[in-house]
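Q: What follows is a predicted structure for the sequence shown.
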Amino acid sequence: MSAKWLVELRERARELVPKIPYQQIRDSPSVKYYTDWNAFERCADPNPAMITRAGPVFDLVEPGVAVVNGYLSLGKVPSGVRVLDLEDLGDEYGSLVFKSIDINESKALARHVANLLGGAYVEIAESIDEPLRIIVNTNTNSQVLIPTHYTIAVNDGVRASLGLYIVNNGGCPSTTAEVYLGKGSLLNLLVISMGDSTPEFTMLRVITNENSSVVARSLLIGGSMNHHREDYLLQGVGSRLNHLGLEVGVGSSRIDYQVNAMHLGEGSSSYSRVLGVARDRSFVIHRALGRIFERARWSDTNIEGKVFVLNEGAYAASVPVIMVDTGDVNGARHSAADASLDEDQVNYLRLRGFGKDEVIDLVLYEVAAQFLDSLPEDFKLDREVLRRLLMSRLGQS
């Protein structure tokens, strides 16, 4: 039986679903919405007949925590880490869940909470030597919404590495995660989203504290409609973000990737760079916002995007934006670059025996290598797993 706070949260969300839209404002004059929200309308609300516990967990890495089709299971959980099922949380811990996420924001979030199937509250109380890997896996035959939520608390002074793998093998995964960093903590964060032929929705929110730091790396691969948003709320004085993302569009995939660095604490600093590649008939968007609020004096933000269009029929764009509400800043910069294959370079390589498809592969592999080589040393095992996974996925396009 669900906890009282969770029952009430679901009921409140159900009331919101018919009242609010997926999105208030169009993204651009030429593209009505970067995310095709109609794809999510085709995802049915879950019922027990559609979802089973059966199905493999993503087995390329050893999970510490896994939620398969909404059902929680524990694997290799490091010492100093506590994991509690959402269904078992009392009011004290339940009040911390969805504390930083407003379910009134969109229909996608309201549907997510109204149909929430499972998840966990994770507390990292001590520094850990190996990454804690969290798996969200969906593998149903029905196009059904499968919502999962994690609330993760990193205590003061803790150093930890966390890997979040979202693996779509069927169904419509809907994943939310909120991560709270204690004072003086350091988090290495790796986020992997692997799309499939059904849409998926992801929202990650990271909240920093005084002098805390997050080194974030995000990899998005394919998906028929992959809406992925990451919010970094730099609330603590002197808190820091270093972020690099890679989105890979192949086949007919469609990816809408949004990164927001919101400065609320004085002397905070953010650097975010996203690389994107689009080949075949894929559609790849990178959106980013670096905002320094009035109270975040002496902060700096740098937002960059670079996307590669590898052939006719593919589309990619980078749209970074800077907003500054105070005159006392250390820096505020943004840049975007959209690149196609240079015909002179293509011809040069073809004269030396490379076919055009091989040239495209070389560009893909080079961009992938930049991302993989940037991973913190704690993710050495993950780096090799992702290298094989990327080569496999790119070879299938």
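A: Sure, I can see it.
Q: ok, now which ones touch residue 224?
A: Going by C-beta atoms under 8 Å, 6 or more residues apart in numbering, residue 224 touches 39, 195, 196, 197, 198, 199, 252, 253, 254. (C-beta placed from N, C-alpha, C; glycine too.)
Q: Secondary structure added to those, as a markdown table?
A: Below are the contacts of residue 224 laid out as a markdown table (DSSP: H, G, I helix; E, B strand; the rest coil):
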| residue | secondary structure |
| --- | --- |
| 39 | helix |
| 195 | coil |
| 196 | coil |
| 197 | coil |
| 198 | coil |
| 199 | coil |
| 252 | coil |
| 253 | coil |
| 254 | strand |
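Q: Weed out the non-buried ones from those.
A: 39, 195, 196, 198, 199, 253, 254 (16 or more other C-beta atoms under 10 Å).
Q: What confidence value was assigned to the fourth one?
A: The pLDDT attached to residue 198 in the predicted structure is 93.
Q: just to revisit the earlier point, dump the buried ones among the contacts of residue 224 to JSON lines, plus distance to residue 360.
A: Below are the buried ones among the contacts of residue 224 laid out as JSON lines (distance: C-beta to C-beta, whole Å):
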{"residue": "39", "distance to residue 360": "27"}
{"residue": "195", "distance to residue 360": "20"}
{"residue": "196", "distance to residue 360": "23"}
{"residue": "198", "distance to residue 360": "27"}
{"residue": "199", "distance to residue 360": "26"}
{"residue": "253", "distance to residue 360": "16"}
{"residue": "254", "distance to residue 360": "19"}
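Q: Point to the helix or strand of this structure where mean pLDDT is at its lowest.
A: For the chain, the helix or strand with the lowest mean confidence is helix 343-351, at a mean of 66 (criterion: mean pLDDT, DSSP states H and E).
Q: For whatever helix or strand comes next after that one, list every residue counted as buried.
A: The C-terminal neighbour of helix 343-351 among helices and strands, as given by DSSP states H and E, is helix 356-373. Neighbour-count burial for helix 356-373, counted by 16+ other C-beta under 10 Å, picks out 359, 360, 361, 363, 364, 367, 368, 371, 372.
Q: From the chain's centre, how far out is helix 356-373? Work that out for me.
A: Distance, stretch centre to chain centre, for helix 356-373: 22 Å (C-alpha atoms, centre = their mean, to the nearest Å).
Q: who does that helix touch, helix- and strand-wise?
A: Where contact means 3 or more C-beta pairs under 8 Å, 6 or more residues apart in numbering; DSSP states H and E, helix 356-373 is packed against strand 240-249, strand 269-278, helix 343-351, helix 380-396.
Q: ok, the helix or strand that the first one is followed by: who's next to it in the sheet?
A: Toward the C-terminus, strand 240-249 is succeeded by strand 254-263 as the next helix or strand (DSSP H and E). Applying DSSP bridges, strand 254-263 is found paired with strand 226-234 (parallel), strand 283-292 (parallel).
Q: Residue 236: what secondary structure?
A: From three-state DSSP, the assignment for residue 236 is coil.
Q: So it is in contact with residue 267, correct?
A: No - using C-beta atoms under 8 Å, residue 236 is not in contact with residue 267; the gap is 9.4 Å.
Q: Indicate which one of the helices and strands packed on helix 356-373 is closest to residue 91.
A: strand 240-249 (32.1 Å; C-beta to C-beta).
Q: Taking strand 269-278 as reference, get the angle to that closest one.
A: Relative orientation of strand 240-249 versus strand 269-278 (axes from the mean of the first three to the mean of the last three C-alpha atoms, to 10 degrees): 10 degrees.
Q: Now do strand 240-249, average pLDDT.
A: 97.
Q: so residue 249 touches residue 222, yeah?
A: Yes - here residue 249 reaches residue 222: they are 6.9 Å apart, a contact under C-beta under 8 Å.
Q: neighbour-wise, which of these two wins?
A: Each of residue 249 and residue 222 has its neighbours counted (other C-beta atoms under 10 Å); residue 249 has more, 31 against 25.
Q: on that earlier part again, tabulate the strands paired with strand 254-263 in CSV, adding columns for mean pLDDT.
A: Shown next, in CSV, are the strands paired with strand 254-263 (pLDDT from 0 to 100):
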stretch, mean pLDDT
strand 226-234, 98
strand 283-292, 97
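Q: can you give me the helices for the stretch 1-150 of the chain?
A: In the stretch 1-150 of the chain, the segments counted as helices under DSSP state H, counting those that start in this stretch are 4-16, 38-41, 91-94, 107-114.
Q: could these go into a markdown table alongside mean pLDDT and distance to residue 71?
A: Compiled in a markdown table, these are given as follows (pLDDT from 0 to 100; distance: least, C-beta to C-beta, whole Å):
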| stretch | mean pLDDT | distance to residue 71 |
| --- | --- | --- |
| helix 4-16 | 94 | 16 |
| helix 38-41 | 96 | 22 |
| helix 91-94 | 86 | 20 |
| helix 107-114 | 97 | 17 |
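Q: Deepest-packed of these, please.
A: Ranked by mean neighbour count under mean count of other C-beta atoms under 10 Å, the helices of the stretch 1-150 of the chain are led by helix 107-114, which reaches a mean of 23.
Q: now for that helix, which elements pack on it?
A: helix 4-16, strand 145-154, strand 172-181, strand 200-207.
Q: quick check: angle from the longest one to strand 145-154?
A: I take that to be helix 4-16. 130 degrees.
Q: Can you tell me what sits against helix 4-16?
A: 2, 86-87, 89, 91, 94-95, 97-98, 103-104, 107, 109-116.
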